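In: What follows is a predicted protein model with its sequence.
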Amino acid sequence: MRKYGILVTVLVVSLLLASSLGQLAGAQSEADEIKIGLVAPLTGGASTTGTDMWESAVLAADEINAAGGINVNGVNMQIKLVKGDTETSREGGVKVVTKLITEDEVDLLVGGFSSGITSADQVVAAEHKVPFIITGASSPIITHRTDIDTTYFFHHCPTTDDYGESTILFVDEIVKPAIYEQFEFADDRPLRLAVLYQDSAYGVGVYDGIKKTIENYDLNMELVAEEKFKMSETDFRTTLTVIKAAEPDVVYPAAFLNEQTLIVSQGRRDVGLNTIYLSVECNDDPDYYTGVERWGEYSIQESRFGPYAIPSGPLQNAVVKFRDDFEAKWGAPPSMMGASTYEGVYIAAEAVKDAGTRDKEAVRDALDELEMPQMVEGMKDGVITFTSDYRESKFELYMQQLIWDESVGETRPKIVWPDSVKETDFVLPDWYEPGSAPTETATPTWTPAPTSEATPVTTATPTEAPTTTPEEPGFEAVFAIAGLLAVAYLTLRRQK
């Protein structure tokens with residue numbers, strides 16, 4: 001019996017020792033990890049963008065880990081990504097950031113899409129003083145607000161002020177002269193601009209950026225329509241009818257991918273608003289080019305990274321490699337939000353390495369002093385760094401025009417501005433209709449459906465509209481009456 005007692009004792013001691021060693025190994029493993037919480041809308045209305053952000057972060061982490069990880073004061077540490085699904089809602093964002101910080105105990109946060117969602121969940125990160133590299137929420141308020149401590153937030157995407165400015169300057173420099181030459185408008189005629197913006201911090205930010213640019217540069221433009229819509233709205237026809245009645249020369253939606261697709265297709269196909277549509281950079285995505293179909297032809301897409309057009313210059317090879325590696329791993333090309341999130345993981349790794357510790361305050365200070373070479377997106381002076389006032393990185397932005405590609409049955413973007421990276425000239429399509437014509441002889445020829453033919457701005461000549469035989473009023477008359485009723489209704493509602 002004594003022999004069995006000794007055996008039992010040995011077994012118990014062995015089990016306790018194995019358990020202790022397992023716990024020690026687990027603790028050692030965690031000590032050798034850098035936990036990064038990836039905050040993105042993996043479900044809900046913006047899930048397409050969120051999935052791209054997650055996949056890009058995984059690619060970056062895999063590359064860093066395969067190269068040996070992060071050297072932190074002589075110890076090589078691996079990156080462990082933790083998913084944080086905001087569910088495309090403010091409540092979901094707050095819930096998941098709280099979980100990432102208090103339960104998963106992440107060292108840093110990367111991501112954040114939608115300024116409205118991020119402005120809610122960043123409050124939790126501020127309370128816990130966790131560094132947050134924001135790669136997809138563009139409202140300046142993210143780092144400009146004063147009601148919380150924003151010193152732990154670093155903005156690695158252009159703000160709405162940045163791309164609002166670039167887009168409006170492009171319109172003034174390229175689009176406006178093309179319209180005025182084609183339709184023989186007087187130089188002192190103000191360009192008629194309509195804005196259709198999401199009722200969110202992001203949408204309001206774009207709208208404010210447009211107004212600031214017009215005022216700061218003293219541009220000869222007037223806002224003839226300023227309409228809001230709710231996030232994830234799907235039917236824009238009534239609002240677009242109101243905008244059409246305002247006779248704009250150009251329409252600037254501030255919308256997410258699914259919304260922008262519907263705005264352009266419903267505007268051209270259903271409302272007959274045959275104008276130049278502008279688009280915010282978050283829509284430079286393969287799904288947008290598929291979804292907008294031919295209705296998006298000749299519209300304008302602001303960008304800093306895209307799945308198809310690659311600016312010439314020093315980053316060209318790096319962009320091609322990133323795009324090829326991403327497509328090999330995930331089966332589709334990356335989008336812009338994926339590119340900035342990919343860089344965001346590398347930025348986090350560089351900051352931890354420079355800090356020599358995972359201590360959050362030390363990492364924050366390292367981000368303040370960060371200077372690293374640009375990666376796959378063009379940066380001012382070729383360097384990723386953050387401004388001393390509001391911790392914003394500054395990008396080189398460019399404008400693309402969507403051109404129909406018969407070989408793929410979709411539009412593809414071509415860079416048209418600035419001259420340093422331009423692939424081709426801006427084209428004013430022959431179906432385009434300006435806000436108002438100065439004389440009867442300047443009436444443009446147009447067709448109600450998209451066409452692959454267009455008149456280049458260098459040779460465009462207005463022609464007299466064809467004379468048609470009057471027909472019995474049909475669907476078009478009914479639709480026009482419905483549009484007028486919609487305008488009257490909205491006007492009465494505003495007066496009330």
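Out: Okay, I see it. Numbers count the residues shown, from 1 in each chain.

In: State the distance from the spatially most central residue of the chain to E87.
Out: A centroid search over the chain (CA atoms, centre = their mean) returns C282, at 2.1 Å, as the residue closest to the centre. Distance, C282 to E87, by CB to CB, to the nearest Å: 18 Å. Any C-beta I mention is one placed from the backbone N, CA and C, and that applies to glycine too.

In: circling back: my guess is the residue nearest to the centre of the chain contacts D52, does it?
Out: No: C282 is not in contact with D52 according to CB atoms under 8 Å; the separation is 10.5 Å.

In: Between the two, which contacts overlap?
Out: The overlap between the contact sets of C282 and D52 (CB atoms under 8 Å, 6 or more residues apart in numbering) consists of M337.

In: residues contacting A339?
Out: With CB under 8 Å, 6+ apart, A339 has these contacts: S56, R304, F305, F322, V376, E377.

In: In those, find the pair that's most separated.
Out: Taking CB to CB, the two most distant members of the contacts of A339 are S56 and R304; they sit 14.4 Å apart.

In: So for the helix or strand harbouring M399, what gets flagged as buried?
Out: Assigned by DSSP states H and E, M399 belongs to strand 398-405. Neighbour-count burial for strand 398-405, counted by 16 or more other CB atoms under 10 Å, picks out Y398, M399, Q400, Q401, L402, I403, W404.

In: What are the contacting residues of it?
Out: With CB under 8 Å, 6+ apart, strand 398-405 has contacts from 166-167, 170, 174, 284, 289, 292, 294, 296-304, 306, 309, 311, 410-418, 421, 424, 426-427, 450, 452.

In: Go again with 6 Å.
Out: 170, 296-297, 299-303, 309, 411-417, 421, 426, 452 (CB atoms under 6 Å, 6 or more residues apart in numbering).

In: Among these, which ones are in helices?
Out: F170 (DSSP state H).

In: Select only the buried ones of the contacts of strand 398-405 in ChimeraX?
Out: Remark: buried members of the contacts of strand 398-405, expressed as a ChimeraX selection using 16+ other CB under 10 Å:
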select :170,296,297,299,300,301,302,303,309,411,412,413,414,415,416,417,421,426
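
In: Okay, and which of the contacts of strand 398-405 map to strands?
Out: Counting by DSSP state E, the contacts of strand 398-405 place I300, Q301, E302, S303, T411, R412, P413, K414, I415, V416, W417 in strands.

In: Which strand runs longest in this protein?
Out: strand 75-85.

In: Which neighbouring elements make contact with that strand?
Out: Applying 3 or more CB pairs under 6 Å, 6 or more residues apart in numbering; DSSP states H and E, we find strand 75-85 packed against strand 33-40, helix 47-66, helix 90-102.

In: quick revisit: comparing S56 and R304, which residue is more hemmed in?
Out: S56 (30 against 23; other CB atoms under 10 Å).

In: Domain map for this protein?
Out: Annotated domains of the chain cover 32-161+316-384, 162-310+398-438 [automatic domain parsing].
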